[in-house]
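Novice: missing the sequence, but the structure's below:
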């Protein structure tokens, strides 16, 4: 490996907040069993937050953000991995408490690493990335609760974001009738292209008023938004329906009543992609290489960027200007 390599680093000191490119050496990386030459990472909402001053995401400074990565093993002291293995690493403390994917090299604990499954390239793994893994985990939990294509329509909120857009494509691949919710009229063509059967406004999900019970509309929902919108969609689930929630961009308070749960037998499923057990993690990644792998995966890329492009891309995702996935190519 090169003696020096590039990384995008954030730091908070008494002199202020720093975010930008830096040069690192192998000795600068945290201790862990597996050294990886990073090929790709991606831009996620959590990465955008990590790029702001006084955030509550980064556990210690300095930090290299990038909550996911794919690449090739360079060195390993763990027998499960050897030089040349192609691997994926997402979640846990990567990019928040442990140097992450915005670096040409990363040293990652072996217990956090998933072998790249047959059926996925390293680039495809990061087109999906943490967002795609979260979407797949949401679908897996919904299906475990009884959801299937014949049961009814499935709502996806935050449809143009990473979790939402990948969920739409995966559900379409599985044969579901997908209803995409978005506030961006300019995105309708994109959403139809990736598999949305219907597109509704945010107001169709939450019009400003949360009723104890509302008209039954959807058999299930993938919700990376949370907040009052989640409270509203729960009142519109069909009898026996379920919603899988994985995000809080719409707020942390969900002012709901007990009526949908006891009158319609609905379920609210919490989706945790950070500390998901490795056995489940491997199964979900295998599904992402198989029955949940979206058709035309490359069409989900809004753009492929380099480390130099990160400041603008991180701002885009925080400001809601991102559509689909932004993949970071560490080989350029």
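Specialist: Structure's in. What do you need? Quick caveat, the model's predicted, so the values are computed rather than measured.
Novice: Could you chop this protein up by domain?
Specialist: Following the TED database, one gets these domains for the chain: 4-116+296-329, 131-270.
Novice: nearest to residue 279, of those?
Specialist: When the domains of the chain are compared by CB to CB, domain 4-116+296-329 sits nearest residue 279, at 10.9 Å. In this view, the C-beta of every residue, glycine as well, is placed from N, C-alpha and C.
Novice: Turn the domains of the chain into TSV, including mean pLDDT and distance to residue 282.
Specialist: As requested, those are exported to TSV (pLDDT from 0 to 100; distance: least, CB to CB, whole Å):
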stretch	mean pLDDT	distance to residue 282
domain 4-116+296-329	95	6
domain 131-270	96	11
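Novice: JSON lines for those, including distance to residue 281 and mean neighbour count?
Specialist: Below are the domains of the chain laid out as JSON lines (distance: least, CB to CB, whole Å; neighbours: other CB atoms under 10 Å):
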{"stretch": "domain 4-116+296-329", "distance to residue 281": "6", "mean neighbour count": "19"}
{"stretch": "domain 131-270", "distance to residue 281": "8", "mean neighbour count": "20"}
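Novice: and residue 328, what element?
Specialist: Per DSSP states H and E, residue 328 falls inside strand 325-329.
Novice: With residue 6 instead?
Specialist: Element membership for residue 6 (DSSP H and E) is strand 4-13.
Novice: Do a quick rundown of the strands in the stretch 1-150 of the chain.
Specialist: For the stretch 1-150 of the chain, the strands defined by DSSP state E, counting those that start in this stretch cover 4-13, 16-25, 34-42, 68-76, 86-90, 105-108, 113-115.
Novice: Please convert the ones you listed to JSON lines, extending it with distance to residue 229.
Specialist: Output for the strands of the stretch 1-150 of the chain, formatted as JSON lines (distance: least, CB to CB, whole Å):
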{"stretch": "strand 4-13", "distance to residue 229": "30"}
{"stretch": "strand 16-25", "distance to residue 229": "31"}
{"stretch": "strand 34-42", "distance to residue 229": "25"}
{"stretch": "strand 68-76", "distance to residue 229": "26"}
{"stretch": "strand 86-90", "distance to residue 229": "26"}
{"stretch": "strand 105-108", "distance to residue 229": "35"}
{"stretch": "strand 113-115", "distance to residue 229": "32"}
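Novice: Nearest to residue 62, out of these?
Specialist: For the strands of the stretch 1-150 of the chain, proximity to residue 62 was assessed by CB to CB; strand 4-13 is nearest, at 4.0 Å.
Novice: Next, the angle strand 325-329 makes with the strand holding residue 6.
Specialist: 120 degrees (axes from the mean of the first three to the mean of the last three CA atoms, to 10 degrees).
Novice: which residues sit against strand 4-13?
Specialist: By CB atoms under 8 Å, 6 or more residues apart in numbering, the residues outside strand 4-13 that reach it are 17-25, 50-51, 53-54, 58, 61-66, 99, 102-105, 307, 310.
Novice: cutoff 7 Å now
Specialist: With contacts defined as CB atoms under 7 Å, 6 or more residues apart in numbering, strand 4-13 is touched by 18-19, 21-25, 50-51, 53, 58, 61-65, 102-105, 307, 310.
Novice: Give me the distance from it to the chain's centre.
Specialist: Here strand 4-13 is found 23 Å from its chain centre; the criterion is CA atoms, centre = their mean, to the nearest Å.
Novice: ditto for stretch 43-55
Specialist: 14 Å.
Novice: so how far does it reach from one end to the other?
Specialist: One end of stretch 43-55 to the other measures 17 Å (CA to CA, to the nearest Å).
Novice: again, but for stretch 187-201
Specialist: End-to-end distance for stretch 187-201, by CA to CA: 11 Å.
Novice: Same question for stretch 171-191.
Specialist: With CA to CA as the measure, what separates the two termini of stretch 171-191 is 13 Å.
Novice: picking that back up, output the domains of the chain as JSON lines; include the columns distance to residue 284.
Specialist: Output for the domains of the chain, formatted as JSON lines (distance: least, CB to CB, whole Å):
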{"stretch": "domain 4-116+296-329", "distance to residue 284": "9"}
{"stretch": "domain 131-270", "distance to residue 284": "5"}
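Novice: Nearest to residue 290 among these would be which one?
Specialist: Using CB to CB, these put domain 131-270 closest to residue 290, at 10.1 Å.
Novice: Mind naming the longest helix for this protein?
Specialist: Secondary structure assigned by DSSP state H gives helix 122-144 as the longest helix of the chain.
Novice: ok, then the element right after it?
Specialist: Assignment by DSSP H and E places the next element after helix 122-144 at strand 154-156.
Novice: ok, residue 313 to residue 48 distance?
Specialist: 9 Å (CB to CB, to the nearest Å).
Novice: Mind listing residues that contact stretch 298-312?
Specialist: Contacts for stretch 298-312 (CB under 7 Å, 6+ apart): 6, 8, 21, 102, 127, 165-166, 169, 193-194, 294, 313, 322-329, 332.
Novice: Could you do stretch 180-190 as well?
Specialist: 155-157, 159-160, 168, 191, 196, 199-202, 204-205, 323-324.
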